[in-house]
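[1] here is my input, please return the structure:
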Amino acid sequence: MLLLVEAQEAGFASDGHLERLRGAARVIDRYLGPLDLLDEEGRGEAEERLRRLTDRIVQIDDTRRRAASEREAAARRQRSVQAHAKARRLTLAGSVATGSGLAALAVMGLGLSIGKTADNRLTALATQHDEPACTFEKKPCGSGYADFRALRLRENIGDAMFLVGATVGGVLLATGTVLLVVARKQRREAQALELVPTPTVSASGLGLALFGRF
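    From the prediction side, this is the model:
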């Protein structure tokens, strides 16, 4: 029996597989079964060895579990830091895109105002020459041709500002909104990763506690 136990312990010292120590404990437990195989002194020694072996297994197992838990906690903290950093980048990008979209919509509104004003002045100019459909290509509209050209150019600029502002503003606002939504999701994931299960020891035994930042 002792040779088998020592062989299992030597194997554990070589490869660190805890199952070898459990195997050694099973060997001792089997030999302790029949009462008539061991005298009182031999039984006491075997039981003491089994107790020490069992305590060693529990201690090693607890140490390894704690180390694995600490490694997992460190990995979660690292992922949390990365998620927070990504959330900040997405929030910044989303804020810039949203702000730019609002600015583009302001350009759209300005373009609409410019175009509308120019159109009203064109109508007034044509009415001034007593011909609402005046093309300013011949008398009596010819005298207003320069004003007509300036107002028509202003109207075209206003229309262009309206179209560009509406298109760019819509795209930027949509993009910014999506980025902000994704950033919010990233922040939630980061906060969830900060809830780290940590082994605890109390009078009632081992347990897990959740620690996080709120």
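[2] how near is residue 164 to residue 150?
    Here the criterion is CB to CB, to the nearest Å. By it, residue 164 lies 21 Å from residue 150. Backbone N, C-alpha and C define where each C-beta goes, glycine included.
[3] same question, residue 188
    As it turns out, when the distance is counted by CB to CB, residue 188 lies 56 Å from residue 150.
[4] repeat that for residue 174.
    Applying CB to CB, one obtains 37 Å for the distance of residue 174 from residue 150.
[5] cool, residue 24 as well?
    Plainly put, residue 24 is 101 Å away from residue 150 if you go by CB to CB.
[6] neighbour count for those two, which is higher?
    Neighbour count, other CB atoms under 10 Å: between residue 24 and residue 150, residue 24 has more, with 25 against 12.
[7] secondary structure element holding the more buried one?
    helix 18-32 (DSSP states H and E).
[8] tell me the helix or strand right after that helix.
    Using DSSP H and E, the next helix or strand after helix 18-32 towards the C-terminus is helix 40-128.
[9] that next one packs against which elements?
    In terms of contacts (3 or more CB pairs under 8 Å, 6 or more residues apart in numbering; DSSP states H and E), helix 40-128 is packed against helix 18-32, helix 145-193, strand 196-202.
[10] and these as JSON lines, adding distance to residue 55 and mean pLDDT?
    Listed next are those as JSON lines, based on distance: least, CB to CB, whole Å; pLDDT from 0 to 100:
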{"stretch": "helix 18-32", "distance to residue 55": "10", "mean pLDDT": "71"}
{"stretch": "helix 145-193", "distance to residue 55": "36", "mean pLDDT": "89"}
{"stretch": "strand 196-202", "distance to residue 55": "15", "mean pLDDT": "51"}
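[11] quick one: closest of these to residue 95.
    The minimum distance between residue 95 and these falls on helix 145-193, with 7.1 Å, by CB to CB.
[12] what is the closest one packed up against?
    helix 40-128.
[13] around the spatially closest residue to residue 179 that is not a sequence neighbour, count how many other residues there are.
    Closest residue to residue 179 apart from its sequence neighbours, by CB to CB, 6 or more residues apart in numbering: residue 94 at 3.2 Å. A total of 20 residues lie near residue 94 under the criterion other CB under 10 Å.
[14] excluding chain neighbours, what is closest to residue 106?
    residue 165 (7.4 Å).
[15] do residue 112 as well
    Distances taken as CB to CB, 6+ apart place residue 162 nearest to residue 112, at 4.9 Å, with adjacent residues excluded.
[16] how close does that neighbour get to residue 149?
    Separation of residue 162 from residue 149 (CB to CB) stands at 20 Å.
[17] now do residue 66
    Here residue 66 is placed at a distance of 84 Å from residue 149 (CB to CB).
[18] and for residue 85, the neighbour number?
    When counting by other CB under 10 Å, one arrives at 12 neighbours for residue 85.
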